[in-house]
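Undergrad: With the input below, show me the fold.
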Amino acid sequence: MRQFDLCVVGSGPAGQRAAIQAAKLGKRVCVIERAEVVGGAAINTGTIPSKALREAILRYLGHRAAMPTVRDFQGSSLRSFHQLMNSCQEVIKAEIDIVRGHFAKNDISLVTGHAQFRDANTIDVTGAHASETISAAKIIIAVGTRPSRPGNIEFDHAEIITSDELLGLKTLPHSMIVVGGGVIGTEYASMLTALGVKVTLVEGRPRLLDFVDTELIEALQYHLRQSGMTLRLGEKVVKINKVEAPPGSRAGSAFMAEAMLESGKVLRAESLLYCIGRHGATEDLNLSAAGLTADDRGRVRVNENFQTSAPHIYAVGDVIGFPALASTSMEQGRLAACNAFGVRCENVENLLPYGIYSIPEISMVGWTEERLTAEGIPYEAGIAQYREIARGQLLGDDIGMLKMLIHQESHAILGVHAIGTGATELIHIGQAAIAFKATVEYFVNTVFNYPTLAECYKVAALNGLNKLRGL
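TA: This next block holds a predicted model:
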C-alpha cells in the first residue's frame with residue numbers, strides 16, 4: 001500500500017490545480033484517474049473539445065464576429081466536417097500532453113483505475129491491468145459530472161445523444177432538436193446552426209440563459225433566429241423517442257428523433273441532443289465507507305473551505321455544484337489544497353467572470369441590471385456598440401456590444417456585460433476595474449491602444465456619464 005500526503009480523485013481542472021498546489025507545498029501527491037487519459041470531461045468531452053470545435057467552425061466559415069448566415073454545409077463539405085473533428089482531436093491531445101507534463105514535473109504520481117473508498121483514509125483503485133490500494137492523510141474529491149440520462153429516454157449514440165457523444169458523430173445531421181437552453185445547449189445549437197444544420201432549440205423557460213443580462217440575451221436570440229434557428233421558448237418536452245423516418249426524408253438512417261411538447265406540438269429531426277442537467281460522477285466511489293453522502297444529483301456538500309462532513313476530505317469542481325465552470329473549478333482546487341495543509345490563501349469569490357462560447361459569444365462579470373433593480377441600487381448603463389469602434393469595423397462585427405453598469409452616486413463600476421467578438425477576453429478589464437474599485441472616470445481619462453475593442457470601455461464610460469449628467 002502506497003501512502004501519500006494527498007490523494008486527488010479526478011484529473012480535471014479542479015484535480016489538476018489541487019495536486020499541483022499541494023506538490024508546490026512539498027507534499028507527496030497522487031492523482032487517481034479512471035480514464036486512460038488525463039484531463040477529465042473538461043479536456044476530453046466538454047470545455048476544450050467544444051471550444052476547439054467552435055474555433056474550427058469560425059475558421060472554416062471565415063467569421064469571427066456575427067452569426068454566419070445559413071449555408072448548406074453538409075451537402076458538399078462532409079470531408080471538411082471530418083477535418084473539423086480532427087482539429088479538435090489535435091487540441092485535445094496537446095492539452096492532455098500538457099497536463100501529463102505538469103504532473104511529471106511536479107513528481108505527482110498518476111494512478112489509472114476506478115477509485116472506491118475502503119474507509120475514510122483508504123482508496124482501492126481497480127485498473128484494467130492492475131489494482132492497488134492508496135492511503136492518504138488528506139483526500140480531495142474532484143470527479144466532475146456526467147450528462148443526465150433519464151431512464152425513460154432511449155439514448156443510442158446516433159439519433160438521441162448527449163453532449164458527450166456529439167463530437168463522435170460520423171456525419172453532420174441535416175436537422176437536430178436541442179433540448180435545453182442552458183450553456184451547453186445554447187453553445188452547441190449556435191455552432192451547429194452556423195454549419196447549416198436546421199436546429200430547433202427547446203427551452204422550458206421564457207428565454208435562454210436566464211442568469212445573463214436580459215438585453216444581451218435578447219440580442220443573442222435575435223441573431224440565432226436570423227441565422228435560421230427555431231427557438232421554442234416556454235415549451236416543455238414531455239416525451240422523447242425514435243420513430244421511423246418517412247420515405248424520401250434526408251435522414252441518414254431508418255429512424256428519426258421525435259420530441260413531444262407539453263403544448264401538444266410534435267417535433268421531428270434527424271437527431272436530438274439532450275442537454276438538461278448534469279450529475280456528479282460519485283455513484284461508484286462508495287462514499288458511505290468514508291462517512292459521506294451525495295444528494296440526488298450526485299453532488300457532495302462542502303463548507304466555505306471545501307471540506308466535506310469528514311474534515312480531512314475535501315470536494316471541489318463541478319461535483320459540488322454551482323457555478324460548475326472550469327475556471328472556478330481550478331481555483332477551488334488550489335484553495336482546497338491550501339486549506340488542507342494550513343496555508344493562508346485569498347480569492348476574489350464575488351467577481352467570477354462568466355463566458356458563454358456561443359456564436360456570437362457572451363461574457364459578464366459583476367451585477368446584472370435585474371439584480372440591481374431588485375436590490376434598489378441606483379445605477380446607469382453606459383453602452384458601446386462594436387460598430388462605433390474602429391476595431392469592430394475592421395473585424396466586420398456589427399452586432400457586438402459592451403454594457404457598463406455605473407452607480408449613480410459613487411460612479412463605481414458595478415458590472416460589465418459583453419456580446420460579440422472577444423467578449424470573453426474583453427470582460428477581464430472590467431473585472432480588474434471592479435476588483436480595484438475603479439470609477440467610471442478611470443475609463444474616461446485613460447488611453448487605450450487604437451484600434452482595439454478595449455476602446456469600448458471608454459465609449460461606454462462616456463455614454464454612461466453623459467446619461468448621468470442628463471446630456
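Undergrad: okay, residue 80: pLDDT?
TA: What the model reports as pLDDT for residue 80 is 59.
Undergrad: actually residue 308, not the one I typed
TA: Model confidence at residue 308, expressed as pLDDT, equals 98.
Undergrad: give me every residue that touches it.
TA: Residues in contact with residue 308 (C-beta atoms under 8 Å, 6 or more residues apart in numbering) are 141, 292, 300-302, 314-315. C-beta coordinates here come from the backbone N, C-alpha and C atoms, glycine included.
Undergrad: what residues does the lengthiest strand in the chain touch?
TA: For the chain, the longest strand by residue count, based on DSSP state E, is strand 131-141. Contacts with strand 131-141, where a contact means C-beta under 8 Å, 6+ apart, come from 1-10, 14-15, 18, 22, 30, 32, 111, 113, 118, 121-125, 282, 285, 290, 300, 308, 312-316, 319, 333, 336-337, 340-341.
Undergrad: related to what we said a few turns ago, which among the contacts of residue 308 count as buried?
TA: Neighbour counting by 16 or more other C-beta atoms under 10 Å classes 141, 292, 300, 302, 314-315 among the contacts of residue 308 as buried.
Undergrad: Averaged pLDDT, the longest strand of the chain. What do you get?
TA: 97.
Undergrad: cool, stretch 271-288 as well?
TA: Mean predicted confidence for stretch 271-288 is 96.
Undergrad: in that stretch, what's buried?
TA: 271-276, 278-282, 285-287.
Undergrad: Helix or strand next in line after the longest strand of the chain, which one?
TA: Per DSSP states H and E, the first helix or strand lying C-terminal to strand 131-141 is strand 145-147.
Undergrad: Kindly state the beta-bridge partners for the nearest residue to residue 430 once chain neighbours are set aside.
TA: Nearest residue to residue 430, sequence neighbours excluded (C-beta to C-beta, 6 or more residues apart in numbering): residue 416, at 3.0 Å. Residues in a beta bridge with residue 416, per DSSP bridges, are residue 365, residue 404.
Undergrad: Pull up the gap between residue 416 and residue 120, please.
TA: Applying C-beta to C-beta, to the nearest Å, the value for residue 416 to residue 120 is 44 Å.
Undergrad: cool, residue 295 as well?
TA: According to C-beta to C-beta, residue 295 and residue 120 sit 20 Å apart.
Undergrad: What are the boundaries of the strands in the stretch 201-350 of the chain?
TA: Remark: strands assigned in the stretch 201-350 of the chain by DSSP state E, counting those that start in this stretch are 230-233, 237-244, 255-261, 266-269, 271-274, 278-280, 313-315.
Undergrad: Which one of those strands lies nearest to residue 380?
TA: The closest of those to residue 380 is strand 230-233. By C-beta to C-beta, the value is 29.6 Å.
Undergrad: can you list the residues that contact that closest one?
TA: 181, 198-203, 205-208, 221, 224-225, 261, 265, 267.
Undergrad: If we use 6 Å, what do you get?
TA: Residues from elsewhere that reach strand 230-233 (C-beta atoms under 6 Å, 6 or more residues apart in numbering): 200-203, 206.
Undergrad: what comes up buried for it?
TA: Those would be 231-232, for strand 230-233 by 16+ other C-beta under 10 Å.
Undergrad: now swap in stretch 313-326 and tell me
TA: Going by neighbour count (16+ other C-beta under 10 Å), the buried part of stretch 313-326 is 313-321, 324-326.
Undergrad: can you tell me the average pLDDT over it?
TA: For stretch 313-326, mean pLDDT rounds to 94.
Undergrad: which residues in the stretch 201-350 of the chain form helices?
TA: Counting by DSSP state H, counting those that start in this stretch, one finds helices in the stretch 201-350 of the chain at the ranges 214-226, 326-340.
Undergrad: By mean pLDDT, point me to the weakest helix or strand of this structure.
TA: Least confident element among the helices and strands of the chain, by mean pLDDT, DSSP states H and E: helix 73-76 (a mean of 42).
Undergrad: Downstream of that helix, the next helix or strand is which one?
TA: Using DSSP H and E, the helix or strand that follows helix 73-76 in sequence is helix 78-105.
Undergrad: So in that sheet, which strands flank the helix or strand that that following helix is followed by, and in what orientation?
TA: As assigned by DSSP H and E, the chain's next helix or strand after helix 78-105 is strand 109-112. Applying DSSP bridges, strand 109-112 is found paired with strand 29-33 (parallel).
Undergrad: Residue 192 contacts residue 199, doesn't it?
TA: Yes: between residue 192 and residue 199 there is a contact under C-beta atoms under 6 Å: 5.3 Å.
Undergrad: picking up where we left off before, who has more neighbours, residue 416 and residue 120?
TA: When residue 416 and residue 120 are compared for neighbours, residue 416 comes out ahead with 29 against 15, by other C-beta atoms under 10 Å.
Undergrad: so what's that one scoring on pLDDT?
TA: We have a pLDDT of 98 for residue 416.
Undergrad: which residues sit in contact with it?
TA: With C-beta under 6 Å, 6+ apart, residue 416 has these contacts: 365, 404, 427, 430.
Undergrad: Go again with 7 Å.
TA: 364-366, 402, 404, 427, 430 (C-beta atoms under 7 Å, 6 or more residues apart in numbering).
Undergrad: Then residue 379?
TA: Shown in contact with residue 379 (C-beta under 7 Å, 6+ apart): 372, 405-408, 414.
Undergrad: Just the buried residues out of those residues, in PyMOL syntax.
TA: Buried residues within those, by 16+ other C-beta under 10 Å, are selected in PyMOL with:
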select buried, resi 372+405+406+407+414
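Undergrad: Including distance to residue 231 and secondary structure, could the contacts of residue 379 go into a markdown table?
TA: Formatted as a markdown table, the contacts of residue 379 follow (distance: C-beta to C-beta, whole Å; DSSP: H, G, I helix; E, B strand; the rest coil):
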| residue | distance to residue 231 | secondary structure |
| --- | --- | --- |
| 372 | 27 | helix |
| 405 | 27 | strand |
| 406 | 32 | strand |
| 407 | 35 | strand |
| 408 | 35 | coil |
| 414 | 30 | strand |
